[in-house]
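Participant: got a structure for you, letters missing:
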C-alpha cells in the first residue's frame, strides 16, 4: 500500500515595507513570489510605506496587498507574526528606513514590523534589511553594525552592472533575485556567470 504524496512544506516569508525610497523592490519581490508555489508571503506596510508607494509607483496600498498571501496591520502587535511560535523562513524589510533600522537595532518593538524583526532575530531566523539612505551618518552605521552583530543582514540595494542591465526593471530584478537567494528561493533573473 502506498501513501499519498505529501504537499511540499510551505515556507512563510515576512515582508515589511517601510517609508524609505525604493518601494519598487518590495512590489517586484511580491510579484515574483506569486510564481513560487511553496512560498507564502506575509506583508506589513507602515503608514510611511503606503505614502511612498503612492508617490513612487502611483499605486494604492490595496494593489500591493493584493499581491500578498496574507496582510497584517502594522498596528497589530498581537498578530501571529509577533510570536516565535509562528514558524517562518525569515523576514525581509524592503525598503528599510533608517527609523526602522534604529528601532530594530535597539530592540524597540513599537509596531508589527519592528516586533516581527525582533522575533526573527531572537529565533535565529534570517533577517535581511534593504536599508535606503545616502550618505550614511555615524548613527546609521552604528545601527547597521548592531543589527549585524545580532545576526541580521544589511543589504543596501546597490545596483550591479556586470550583467549590463538595460532597464531599471533589470536592475531591480537582479537585487530581488539576490535577496531571495538568501532564503534559498530561486527565481528567474540575471546571475554572474564569470568572465
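Facilitator: Received the coordinates, thanks. Bear in mind the structure is a predicted one, so any value in this text is a computation, not a measurement.

Participant: C-alpha only now, for contacts and for neighbours.
Facilitator: Fine.

Participant: What's the mean pLDDT across stretch 160-170?
Facilitator: Mean pLDDT, computed over stretch 160-170, is 92.

Participant: And it, what's buried?
Facilitator: 165, 170 (16 or more other CA atoms under 10 Å).

Participant: same thing with stretch 44-53?
Facilitator: 44, 45, 46, 49, 50, 51, 52, 53.

Participant: And for stretch 28-35?
Facilitator: Buried residues in stretch 28-35 (16+ other CA under 10 Å): 28, 29, 30, 32, 33.

Participant: what's the answer for stretch 106-122, then?
Facilitator: Within stretch 106-122, the residues scored as buried using 16+ other CA under 10 Å are 107, 109, 111-121.

Participant: Out of these, which comes closest to residue 15?
Facilitator: Among these, residue 113 lies closest to residue 15 (CA to CA), at 8.5 Å.

Participant: how about the closest one, what does it touch?
Facilitator: Residues in contact with residue 113 (CA atoms under 8 Å, 6 or more residues apart in numbering) are 16, 44, 45, 46, 74.

Participant: so who does residue 119 touch?
Facilitator: Taking CA under 8 Å, 6+ apart, we find residue 119 in contact with 81, 82, 83, 84.

Participant: re earlier: ok, so of the buried residues of stretch 106-122, who is nearest residue 24?
Facilitator: Once CA to CA is applied, the member of the buried residues of stretch 106-122 that ends up nearest residue 24 is residue 113, at 18.4 Å.

Participant: can you pull the contacts of the spatially most central residue of the chain?
Facilitator: With distances taken as CA atoms, centre = their mean, residue 92 lies nearest the centre of the chain, 2.3 Å away. Counting by CA under 8 Å, 6+ apart, residue 92 makes contact with 13, 14, 15, 16, 127, 128, 129, 130.

Participant: any idea of the mean pLDDT in the strand or helix carrying it?
Facilitator: Taking DSSP states H and E as the definition, residue 92 sits inside strand 90-96. Strand 90-96 shows a mean pLDDT of 98.

Participant: Parallel or antiparallel, which strands does it pair with?
Facilitator: Next to strand 90-96 in the sheet, as set by DSSP bridges, lie strand 11-17 (parallel), strand 126-131 (parallel).

Participant: Residue 91 against residue 117, yeah?
Facilitator: Yes. Between residue 91 and residue 117 a contact is recorded at 6.9 Å, counting by CA atoms under 8 Å.

Participant: Could you pull out the residues contacting both of those two?
Facilitator: Shared contacts of residue 91 and residue 117, counting by CA under 8 Å, 6+ apart, come down to residue 127.

Participant: Show me which positions of the longest helix belonging to the chain end up buried.
Facilitator: In the chain, taking DSSP state H as the definition, the longest helix is helix 168-181. Of all the residues in helix 168-181, those buried under the rule 16+ other CA under 10 Å are 170, 171, 172, 173, 174, 175, 176, 177, 178, 179, 180.
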